[in-house]
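Engineer: 3D model of this:
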Amino acid sequence: MLRFVTTFLLILLALFTLELLAPVQEHVIVPFTAMLARLSAVLILPFDSSVVAYGKILQFKDSGFAVSIEAGCNGVEATIVLIAAICAFPASWRARAIAIALGFLAIQVLNIVRIISLFYLGDWNMEYFSWIHLYLWPALIMLDVLVVFIVYLRYLSTQAKPLETTVG
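Structural biologist: As a prediction, this is how the structure comes out:
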């Protein structure tokens, strides 16, 4: 357990440090965040033609209400926590890679739901938006990370070979 916690914390520190580097922000994080805004708009447009995305902004053309997808709201930090947990737990690199890919997808699907729901909620009621944005959705995103990690551990336990025991 101590090995897992130590490895987890070291990987977490390394990945958060890497994420904060200016070149990583400029070439990976900012374009990824802009892609989330565009994807959110694409998903909304068949139902609501008054939505536009530019940069990391999602906006209603008619009311002018907009949300900006900032650091902490793009799912990157949640993904980093998941990657650190998966890499810290002993398993094959193939199993880890599959878990990271599927976990990233699970986090981002939920994050898109989060962005779209907050976009409409903010246009409707800023008090509810603030509370749900600051408290409910962060907890749900981290719960998603925990569920993905638990599913991964369950998968690993089904792949483990049982120990042979001999009697007598």
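Engineer: any idea of the mean pLDDT for the host helix or strand of Val81?
Structural biologist: Here Val81 sits within helix 76-88, counting by DSSP states H and E. Per-residue pLDDT values over helix 76-88 give a mean of 98.
Engineer: buried stuff in the host helix or strand of Ala101?
Structural biologist: Here Ala101 is covered by helix 93-124, with elements defined by DSSP H and E. Using 16 or more other Cβ atoms under 10 Å as the test for burial, helix 93-124 gives 96, 99-100, 103-104, 106-108, 110-111, 114-116, 118-123. Using the backbone N, CA and C atoms, a C-beta is placed for each residue, glycine as well.
Engineer: Check stretch 23-34 too.
Structural biologist: When burial is assessed from 16+ other Cβ under 10 Å, stretch 23-34 yields the following buried residues: Ile29, Thr33, Ala34.
Engineer: if we can go back for a sec, go ahead and measure how far the helix holding Val81 is from the middle of the chain.
Structural biologist: For helix 76-88, the distance from its own C-alpha centre to the chain's C-alpha centre is 9 Å (Cα atoms, centre = their mean, to the nearest Å).
Engineer: Show me what it is packed against.
Structural biologist: Other elements packing on helix 76-88 under the criterion 3 or more Cβ pairs under 8 Å, 6 or more residues apart in numbering; DSSP states H and E are helix 2-20, helix 93-124, helix 137-159.
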